[in-house]
Structures are given as structure tokens and as C-alpha cells.
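A.B. asks: predicted coordinates and the sequence they were generated for:
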Amino acid sequence: MVKTSSLTYAYGDGQEMVFPDIDLSPGQHLLIIGPSGIGKTTLLYLMAGLLPPLKGNVAIDGKELDSLSRREMDKFRGEQIGLIFQQYHFIKSLNVQDNLLLRQSVLKDPIDKQRRLQLTKRLGLSEYLDKKVTELSQGQQQRLSIALGLIHRPKIILADEPTSNLDDMNCVKVINLLKEEAEICKSSLVIITHDLRVMSHFQNRVEL
Ligand SMILES: Nc1ncnc2c1ncn2[C@@H]1O[C@H](COP(=O)(O)OP(=O)(O)OP(=O)(O)O)[C@@H](O)[C@H]1O
């Protein structure tokens, strides 16, 4: 499902980062761990086609990302990849529900109300649907970011520190949700984390 080969990257004249190869089957999980600044987020960006590798390539579901035009890549990413990043990408003027609705509209799936309600319920967001995103706590924003990343049942889920702002109860909810979604949708799940609460739930890991 996700396969990387001989990936390297460098920002400008910076030091070249060399990444180990990754080969994940549908439904398989992988934790990426390693010290701050080693390149974990960069590897996730490469896997999402948000950065072009200096060398090597990424294939998702058999499709080589470097064979796609920028426009095709944006479409492919929007449909097939679920991104859960540390920086949230919300429309600040909209409430929680409308952010989710907008995401579904972009994916031409605005009618799947059940999916919206089910995800927000499981993430403990049901009572905040009418709140503006700017009025949410950090933990609530993080959970909305997770809902936005999963709403279209992506084939690959890429999550960067998805539990960093969550209390223990919500951390467990998110771990269970990510695992269940990966299993139900046969999605490959890649998580960057420093969170020991997350590490204890996943065995397969690569250390940068
Ligand atoms: N946009 C950028 N321009 C230049 N250098 C960058 C840029 N983004 C990251 N870097 C550098 O690339 C290296 C890898 O960064 P990256 O964010 O991938 O590390 P990380 O392992 O995810 O770190 P952390 O655990 O602190 O989030 C770091 O040295 C960082 O300073």
C-alpha cells in the first residue's frame, strides 16, 4: 500500500537526510520515532507528496507519486490520504460542523451525515458542532483535526503527534479510533510520536 525507496531530502543547502525504506500493507501500522529535528515530519511530508524527494520515490497503492502532475497529486492526496498534522488547517470563520461539511463537499461527499455524526461522537466533539473553531481548546482542535483527516476513509493515514494535546481519556479514544479506522478501511497507518501512551499500543516501529 505504501512503499518508499531510497528516500533522501535536504532543505536548501542544509544537510541531506537519508530515510530508511518503508513497506506497509493495507491495515498495517507503523510508528516513526526519533529525536527532535532528525526528519520525522519531513518523511511524512515526502510520503504525502507535499515535498518532492531529492532522491528515491514513494508509491501509494502502486502509484508512484513522482508520476503525478501537481494537480493530480493534490487530487490523489485529497482522496486517498488522511493528513493529521501538528498545525491545524481549519477555516477559522466556520464552525466545527461546517469545517467538516466543507471537507466532505470538496470530496463530493457532503451527504454522508452519518459519518460526520459518528466521527464527532467518537471523538467527543458532538456538543461543539456549532462552535467556531477559534473557540475550541487545543485538545478539541486536535480532535477536530483528526476528524477532518479521517472523514473520507483514506487509504493511508499520516499522523504527526496526534495525541500531543490530549488528556489520557482522549488519548485512548484517539488511539482506538485510529486503529479501528485503519482496520475497517484497510488503511495503512503511520504515526509520528514521542508519546509513551501511544508507543505502548503499537509494535511495528522505525527509528530515525
Ligand atoms: N522549511 C524548512 N526549511 C529549512 N529547514 C527545515 C524546514 N523544516 C524543517 N527543517 C529542518 O529539517 C530538519 C528536520 O526537520 P523535521 O521537522 O522533519 O524534524 P522532526 O524529527 O519532525 O522534529 P520534531 O520532533 O522536533 O518535530 C530540522 O533540522 C529542521 O530544522
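C.D. replies: In hand now; what should we look at? Residues are numbered from 1 along each chain as shown.

A.B. asks: where does the chain dip in pLDDT?
C.D. replies: 109-110 (pLDDT under 70).

A.B. asks: buried residues in the longest helix seen in the chain?
C.D. replies: The longest helix of the chain (DSSP state H) is helix 168-184. Neighbour counts over helix 168-184 (16 or more other CB atoms under 10 Å) mark 170-171, 173-175, 177-178, 181-182 as buried. In this view, the C-beta of every residue, glycine as well, is placed from N, C-alpha and C.

A.B. asks: quick check: neighbours of the longest strand that the chain contains in the sheet, parallel or antiparallel?
C.D. replies: Ranked by residue count, the top strand of the chain under DSSP state E comes out as strand 2-9. Strand 2-9 pairs in its sheet with strand 17-18 (antiparallel), strand 22-24 (antiparallel), strand 55-60 (antiparallel), by DSSP bridges.

A.B. asks: got the contact list for the first one?
C.D. replies: Translated: strand 17-18. 7-10, 38-39, 42-43 (CB atoms under 8 Å, 6 or more residues apart in numbering).

A.B. asks: so what's Met17 bridging to?
C.D. replies: Beta bridges link Met17 to Tyr9, judged by DSSP bridges.

A.B. asks: burial count for it?
C.D. replies: 18 (other CB atoms under 10 Å).

A.B. asks: and for Gly12?
C.D. replies: So Gly12, with other CB under 10 Å, has 4 neighbours.

A.B. asks: over to Leu107?
C.D. replies: Applying other CB under 10 Å, we find 15 other residues in the vicinity of Leu107.

A.B. asks: now swap in Leu123 and tell me
C.D. replies: Neighbour tally, Leu123, other CB under 10 Å: 21.

A.B. asks: go ahead and confirm it touches Ser145.
C.D. replies: No. Taking contacts as CB atoms under 8 Å, Leu123 lies outside contact range of Ser145: 9.9 Å.
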